[in-house]
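1. Predicted model and sequence below, questions to follow.
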Amino acid sequence: MKTLAAAVIFLLLAILCSLSIAIADQDRWPGVDESVVQKIAQEHGRKAHAPLIDTDQGDLLLFVFLIAGTIGGFAAGYYWRILMVERAPKVNKEKT
Amino acid sequence: MMYSNVCVAFIAAFLICLPCSALAMHISEGLLPFNWAALWFAVAAPFLAYGLFRLKKISKTDISFKPLVGLMTAVVFIISCMPIPVPTAGTCSHPCGTGMSAILLGPPSSILIAAAALLIQALFLSHGGLSTWGANIVSMGVMGSFAGYGTFILLRALRINLSVAGFFAGLFADWATYLSTSIMLASGIKGADPFMPILTKIVISFIPTQLPLGILEGAMTAGLVVMLAKRRPDLLIKMNVMKSGEAGV
């Protein structure tokens, strides 16, 4: 059962990853901000402005996302460890 | 234990390695007129102030609260800038994560978490905007958190089990976020045109993407709540997510 669950998780993540690679390779799969929000706003005369710090320039955005993902992942792992290991209630394993 | 660690490591590795670009649902910079943007800032401000007050108050008495806030901030930040392709719609969008943070920490802290995640995204990830920060806090933070928390509390009061209540909380948190985004956008861009046709058009455009993503967010929320119920039931009991008799769900 555990092996099956691990296989399913792995398969889902692999599909997700390959779909995401497809996004990076081809200019398809627009986000709903482009396909819905900005498109409809533009039809009504509102256009999005460039952000204050414009990181959406070539691969710079990928780099910023990588940094953000790394820091976010580290923070999540760090606090997970504090909650699940360091501050978890001590179980008396001798009483089995 | 080992199995769970491997799963978490796998998921973290994949999430970090995902090639992302700014494929989001937040309202972009400059889309809302000044008066509407200011209104949403005014609406968000008291929720943020109360969230800060609650965070300070609870963290004085509970040493597990700050690490849980840290964990949920990281989770909400990652989840809400993670573009997920929806093959049925041919577009990408992302879950919000505020349903799960509201269940675990309560809506005030969840709103604060959403605000922090949205600010970082607006500043550095070209994701959302500073002028639309207030509107995005109201949709993702306030509406997402209260919809998720309200659904969870209601279903738990009806004695629905933790995983099902968590699933519907995540689902409705996601859908409420996109519905409120639609309302804000329609209000801001309508000009002299009637409101309802624009709102209907935006909502219908969101459905092919957000319908399946809402289900995914429901599954993620249920998964996290059940995992915490197994690993740290004492934490969930302390946060009033479940009762002491349910430990070991």
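-> Arrived safely, thanks for sending.
2. list the contacts for B:Gly51?
-> B:108-112, B:115 (C-beta atoms under 8 Å, 6 or more residues apart in numbering or on different chains). Backbone N, C-alpha and C define where each C-beta goes, glycine included.
3. export these to a markdown table and tack on pLDDT, secondary structure and distance to B:Leu31?
-> Listed next are the contacts of B:Gly51 as a markdown table, based on pLDDT from 0 to 100; DSSP: H, G, I helix; E, B strand; the rest coil; distance: C-beta to C-beta, whole Å:
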| residue | pLDDT | secondary structure | distance to B:Leu31 |
| --- | --- | --- | --- |
| B:Pro108 | 96 | helix | 27 |
| B:Ser109 | 95 | helix | 28 |
| B:Ser110 | 96 | helix | 25 |
| B:Ile111 | 97 | helix | 22 |
| B:Leu112 | 96 | helix | 24 |
| B:Ala115 | 96 | helix | 19 |
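4. and residue 75, how many neighbours?
-> Unless you meant another one, I'm taking chain A. Per other C-beta atoms under 10 Å in any protein chain shown, the neighbour tally for A:Ala75 reads 17.
5. hmm, I had chain B in mind actually
-> The number of residues near B:Val75, taken as other C-beta under 10 Å, comes to 23.
6. Can you classify it as helix, strand or coil?
-> Three-state assignment for B:Val75 (DSSP: H, G, I helix; E, B strand; the rest coil): helix.
7. My understanding was that it contacts B:Gly97; is that so?
-> Yes. Between B:Val75 and B:Gly97 a contact is recorded at 5.8 Å, counting by C-beta atoms under 8 Å.
8. Considering the contacts of B:Gly51, which possesses the most neighbours?
-> B:Ser110 (33 neighbours).
9. Go ahead and confirm it touches B:Thr98.
-> Yes. If you go by C-beta under 8 Å, B:Ser110 and B:Thr98 touch, sitting 5.3 Å apart.
10. Could I get the full set of helices for the chain?
-> I'll assume chain A. Listed in chain order, the helices of chain A (DSSP state H) span A:2-25, A:32, A:39-43, A:60-81.
11. Let me rephrase: I mean chain B.
-> Going by DSSP H, chain B shows helices at B:2-17, B:34-61, B:65-79, B:98-105, B:107-124, B:133-136, B:144-157, B:162-189, B:195-231, B:233-238.
12. Just say which of those helices is most tucked in.
-> Among those, judged by mean count of other C-beta atoms under 10 Å in any protein chain shown, the one packed with the most neighbours on average is helix B:98-105 (a mean of 32).
13. Output the contacting helices and strands for that one.
-> Counting contacts by 3 or more C-beta pairs under 8 Å, 6 or more residues apart in numbering or on different chains; DSSP states H and E, helix B:98-105 packs against helix B:65-79, helix B:107-124, helix B:144-157, helix B:162-189, helix B:195-231.
14. The longest one vs helix B:162-189, what angle?
-> To tie it back to what came earlier, the one meant is helix B:195-231. Helix B:195-231 runs at 150 degrees relative to helix B:162-189, counting by axes from the mean of the first three to the mean of the last three C-alpha atoms, to 10 degrees.
15. so what secondary structure elements neighbour helix B:195-231?
-> Using 3+ C-beta pairs under 8 Å, 6+ apart: helix B:195-231 touches helix A:32, helix A:39-43, strand B:84-86, strand B:91-93, helix B:98-105, helix B:162-189, helix B:233-238.
16. circling back: filter the contacts of B:Gly51 by proximity to chain A?
-> Applying C-beta under 8 Å from any C-beta of the partner chain to these, one finds that nothing falls near chain A.
17. hey, what's in contact with both of B:Ser110 and B:Thr98?
-> B:76, B:141, B:144-145, B:148.
18. Show me the domain layout of chain A.
-> The record's domain parsing of chain A by automatic domain parsing lists A:1-48, A:52-88.
19. closest to chain B out of these?
-> Chain B lies closest to domain A:1-48 among those, at 2.9 Å (C-beta to the nearest C-beta).
20. Please identify the residue most distant from the middle of chain B.
-> What lies farthest from the middle of chain B is B:Ala192; by C-alpha atoms, centre = their mean that is 32.4 Å.
21. how much space between B:Phe152 and chain A?
-> Look at B:Phe152 and chain A: by C-beta to the nearest C-beta, to the nearest Å, they are 20 Å apart.
22. Let me see the confidence value for the spatially closest residue to that residue that is not a sequence neighbour.
-> Nearest non-adjacent residue to B:Phe152, counting by C-beta to C-beta, 6 or more residues apart in numbering or on different chains: B:Ala169, 3.9 Å away. At B:Ala169, the predicted lDDT confidence score is 97.
23. quick one: contacts for B:Ala169?
-> Taking C-beta under 8 Å, 6+ apart as the test, what B:Ala169 contacts is B:99-100, B:102-103, B:148-149, B:151-152, B:155, B:218, B:221.
24. returning to that earlier point: least reliable of the helices of chain A going by mean pLDDT?
-> Among the helices of chain A, helix A:2-25 scores lowest, at a mean of 61.
25. That concludes my questions; thank you for your assistance.
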